[in-house]
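*Asks:* Have a look; sequence and predicted model below, questions after that.
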Amino acid sequence: MSTETMTLEVPVRLYADLAALAEEEQTDVVGILSRLLKRQKTQAPANAESVDPVLALIRAYSSERPLVDDIPVSEDPGLYLIQAASGESEERKHAWDIAPTRYARGADGGPVRVGDVEEAKDRSRFWRSLVAWLDDRPVEATLQDIFQARRPKGGNDE
């Protein structure tokens, strides 16, 4: 141990706790501090591998199973339930092999939700009909046509 010394200021309460511990251990405060530092150094490698509690919780729900076509479990848990229920081997399959009613193989070779394809067709049909409907007539005239079409036939106008 080095013979050089230095003055260390600590709160009175902490010094009292260290002195009491030193008395129990039949040593002095410097011996207690020295032993604490040695213990810290020997435990440092174990502590270096310690994990943040939040990450530990996340890992508690992780799996070594690979993702199916990089689809997160949170995005489509049903796909993974179908895969687990099928009882088939762990071999790597594509989403369209596991759930053909939910997924199709896209033009890029990746998975595409079947509902997404249908929704895209519906959107396309909507925009085509909207563009066909747009013309040079003012909105007021179009609204007047709608009101005229909804009036009861053969009755009073008011």
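*Replies:* Perfect, thanks for sending it.
*Asks:* At which residues are the helices of this protein located?
*Replies:* Taking DSSP state H, the helices of the chain run over residues 12-25, 29-48, 53-60, 77-86, 95-98, 114-133, 139-150.
*Asks:* contact partners of the shortest one?
*Replies:* This points to helix 95-98. Applying C-beta atoms under 8 Å, 6 or more residues apart in numbering, the set of residues contacting helix 95-98 from outside is 68, 69, 71, 79, 82, 83, 86, 102, 103, 104, 105, 111. (Glycine included, C-beta is placed from N, CA and C.)
*Asks:* Convert the C-alpha atoms of it to PDB, please.
*Replies:* Provided in PDB are the C-alpha atoms of helix 95-98 (Å, rounded to 0.1, in the frame of the first residue of the first chain):
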ATOM      1  CA  ALA A  95     -45.900 -15.800 -44.500                       C
ATOM      2  CA  TRP A  96     -47.900 -16.800 -47.600                       C
ATOM      3  CA  ASP A  97     -47.000 -20.500 -46.800                       C
ATOM      4  CA  ILE A  98     -48.100 -20.200 -43.200                       C
END
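*Asks:* same question for it, mean pLDDT?
*Replies:* Mean pLDDT, helix 95-98: 86.
*Asks:* Same check on the second one?
*Replies:* Confidence for helix 29-48, expressed as mean pLDDT, is 76.
*Asks:* quick revisit: rank the helices of the chain by mean pLDDT and give me the bottom one.
*Replies:* With a mean of 61, helix 53-60 has the lowest mean pLDDT of these.
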